[in-house]
Structures are given as C-alpha cells and as structure tokens.
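> predicted model, plus sequence, below.
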Amino acid sequence: MRSVSRFMPGERLEDALAAATRLQTAGIGVILTHLGENLASAGDADDVTQHYLHVLDETHAAGLDAHISVKPTQLGLDFDPAFCTRNLQRLIDRAAGYGTFIWMDMESAPYVDATLALYRQAREQSPLVGVALQAYLFRTERDLEGLLPLGAALRLVKGAYLESPRVAFSKKQDVDANFFRLACRILDRHGHPGSLLHLATHDVALIDRLTEYIEAHHVPPSAFEYAMLYGIQEPLQHRLAGAGRRVRVLISYGEHWFPWYMRRLAERPANVLFVIKNLIPGAGR
Ligand SMILES: Cc1cc2nc3c(=O)[nH]c(=O)nc-3n(C[C@H](O)[C@H](O)[C@H](O)COP(=O)(O)OP(=O)(O)OC[C@H]3O[C@@H](n4cnc5c(N)ncnc54)[C@H](O)[C@@H]3O)c2cc1C
C-alpha cells in the first residue's frame, strides 16, 4: 500500500539495507527493526532472534553504521521471560563482537517494569545496549534517576501507545515539557562512561530548544544523536547531518506492519487524510 511505503522502504531486509546504504552516503546512520510484537510461540521468537543475528552479520559485512532495535515481546517476553532474556543475550553478544549497539524498544505501560529489569541485566553484559524511555509516562522521571548511575544508553521518546490518564500525561504540552526536562537531566550527566542519549523526536521546536541547551552547556557530540523514523522530517534529518550533527534513522521493515502503522497514523491526523486520499482513486493527487 502506497501510504505504508511512506514510512518503510519495503518489507524485505534487502529493502532496509538498500535504504541504509543511501542514508550512509548522506552521513546518516541507521537503526534496523524487523516489525512484529507480542509473539506467542518459542519457534517464532527464535526465528526473530536468528533473523537479527543474520542482520548483525550482514550489516557488519557491508560496513554499515547500523544498530538494531528489538521489542522484548518479539523475543518471547509474554510467554517465557527467561527465554526472552536468553534470546536478548545472544543478540547482545553478537552485537558487542561487532562493536555495535542494540536498542530495546519500550512497549506499552504494563511492560515497563519487565523491560527495565531486562535492561539492567543486559547492561551488565555489555555497555553497547540501550533502552527507550517514554516522556509521556509519569513514572519515567523516577525510572531515569535509577538508570543514570549505570551510565545507561537511553533513547528518549514521547511515547506511541494509547495510555490511561492515570499513568501518562495526555496533553501534548505536558509531554513536551517532560521530554525537555528529562533530556536536559540526561545531557547534564554526559561525562558518565557508556552513556549515550538518542533524542528520538521529529518535533522541530523541541529539537531547536534542545540544540540550544546542548550548545550553551558545551555537551560533546559523542554524548548524543538525533534519532528519527524513516520517512518523517527527511529534510530536517539531512539538514542536521549536513551541519555535522550525528543523526540516526530508524528503518522498519517486515510483513507485520499493521499495529506499528496504526501508531504512525495516530501520531498525526494529517496522515489519516493522506491514507483516505490514496484509497479514493483520483482524490488528492
Ligand atoms: C528513533 C525512534 C524510536 C522510537 N522508539 C519508540 C519506542 O521504543 N517506544 C515508543 O513508545 N515510541 C517510540 N517512538 C515513537 C515516539 O514515541 C513518538 O510516537 C513519535 O516519535 C512521534 O512523536 P514526536 O516526538 O515526533 O512528536 P510529535 O509531537 O508527535 O510530532 C512532532 C512533529 O513530527 C512530525 N511527525 C511526528 N510523527 C509523525 C508521523 N507519524 N507522520 C508524519 N509526521 C510526523 C510532524 O511534523 C509533527 O508535527 C520512537 C520514535 C523514534 C523517532
């Protein structure tokens, strides 16, 4: 479907690798993620693990500056946390051998405790592992304080799931203010060994404010990267990279794109209009 292809270069790993090669030419690194979540069988979670091991081999052989990003429920968290841990450990070992990063996505609120527990274990195994934190959750400020002493690598996002107002800010301005506050708190700790911040947002006003903060506080370029999704704010991605900033684009691929695509649509009402225009022949061209 044309409207999905706006956010992903294709369903196959080859499509993602070709996009990664193009971005690398423009000085932009990537994070590869194979779509899928809430897997229910050990066989499927094992296939995902094997797939990511293959991705790490391929990107290393191709000389790509590529991280990978996994969802714990893709590795078996829902039905066997110990199995999930073992799968993650295999990926971390392979990534560490190649000197590359592996990121853990943060899924919906009920998974936060288990994901952070997995992360703490993973961080003991390798410093080249990071976890996403969601600025819309009330709890994130406290979670962050627990992670900072580890010198954790963190991806700060606003949060993509529909959460209850009991656990999350519902107003955009509150989420944005919390994002800024949390990012500054992490940037202030930039000297800690192993720490890295991914400023994962397409919000231009927020990026500008954070860039001003970074410059005013002399945060070194090694401490952070701007991270965005494939197909969103591309001119900004290229502008930042052209200005010598470290930029990384998350490329999603795979056949199981439906829930992920629904989250992309929900982020921006204009996207829904775009889809409708594509469904009605002749409309909106
Ligand atoms: C690298 C990366 C990793 C992520 N990992 C996670 C994760 O692990 N867990 C999680 O919950 N969420 C994750 N997200 C998604 C994130 O939580 C937000 O849902 C998403 O980034 C949109 O929020 P925003 O910060 O861009 O701000 P918004 O305020 O939503 O958007 C700011 C501007 O960006 C543009 N924009 C944003 N989204 C879209 C879109 N879908 N289509 C077109 N334009 C758009 C628009 O111009 C919009 O005005 C990740 C995002 C990125 C960039």
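In hand now; what should we look at? Residues are numbered from 1 along each chain as shown.
> for Lys71, which non-adjacent residue is spatially closest?
The shortest distance from Lys71 to any non-neighbouring residue, by Cβ to Cβ, 6 or more residues apart in numbering, is to Asp105 (4.6 Å). For every residue, glycine as well, the C-beta is placed using N, CA and C.
> quick one: contacts for the one you found?
By Cβ atoms under 8 Å, 6 or more residues apart in numbering, the contact set of Asp105 is 33, 69-72, 132.
> low-confidence ranges, this structure, go.
The model of the chain has pLDDT under 70 over residues 1-3, 193, 269-285.
> around the ligand, pick out the residues from it.
105-106, 132, 134, 155, 157-161, 200-203, 227-229, 232-233, 250, 264, 267-268, 271 (Cβ under 6 Å from any ligand atom).
> of the residues you listed, just the buried ones, ChimeraX syntax please.
Buried residues among these (16 or more other Cβ atoms under 10 Å), as a ChimeraX selection:
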select :105,106,132,134,155,157,158,159,160,161,200,201,202,203,227,228,229,232,233,250,264,271
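> please enumerate the strands of the stretch 51-200 of the chain.
66-70, 102-104, 129-134, 153-157, 196-200 (DSSP state E, counting those that start in this stretch).
> dump the longest one to CSV, keeping only the CA atoms.
In this case it means strand 129-134. Once non-C-alpha atoms are left out, strand 129-134 reads as follows in CSV (Å, rounded to 0.1, in the frame of the first residue of the first chain):
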residue,chain,number,x,y,z
VAL,A,129,22.9,-1.7,24.8
GLY,A,130,20.3,1.0,25.2
VAL,A,131,16.7,1.3,26.2
ALA,A,132,13.8,3.6,25.3
LEU,A,133,12.1,5.8,27.9
GLN,A,134,8.8,7.4,27.2
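> can you name the residues that contact Trp257?
4, 8, 11, 35.
> tell me the secondary structure at the closest residue to the third one other than its chain neighbours.
With sequence-adjacent residues excluded and distances taken as Cβ to Cβ, 6+ apart, Glu11 is closest to Glu255, at 5.3 Å. Recorded secondary structure, Glu255: coil (DSSP: H, G, I helix; E, B strand; the rest coil).
> could you count how many residues lie near Glu255?
Neighbours of Glu255 under the rule other Cβ atoms under 10 Å: 10.
> so it makes contact with Leu35?
Yes - using Cβ atoms under 8 Å, Glu255 makes contact with Leu35 at a distance of 7.5 Å.
> nearest residue to Ser195 in space, please, no chain neighbours.
Gly151 (4.6 Å).
> residues of stretch 30-44 that come out buried?
So stretch 30-44, judged by 16+ other Cβ under 10 Å, has buried residues 30-37, 39.
> please disregard the earlier target; I meant stretch 122-133.
So stretch 122-133, judged by 16+ other Cβ under 10 Å, has buried residues 122-123, 126-133.
> residues making contact with it?
88-89, 92-93, 95-96, 99-106, 115-116, 119, 140, 143-144, 147, 150-157, 182, 193-194, 196, 198, 200.
> give the buried residues for stretch 188-207.
Buried, per 16+ other Cβ under 10 Å, within stretch 188-207: 190, 195-203, 206-207.
> er, stretch 82-93 actually
Under 16+ other Cβ under 10 Å, the buried positions of stretch 82-93 are 83-85, 87-92.
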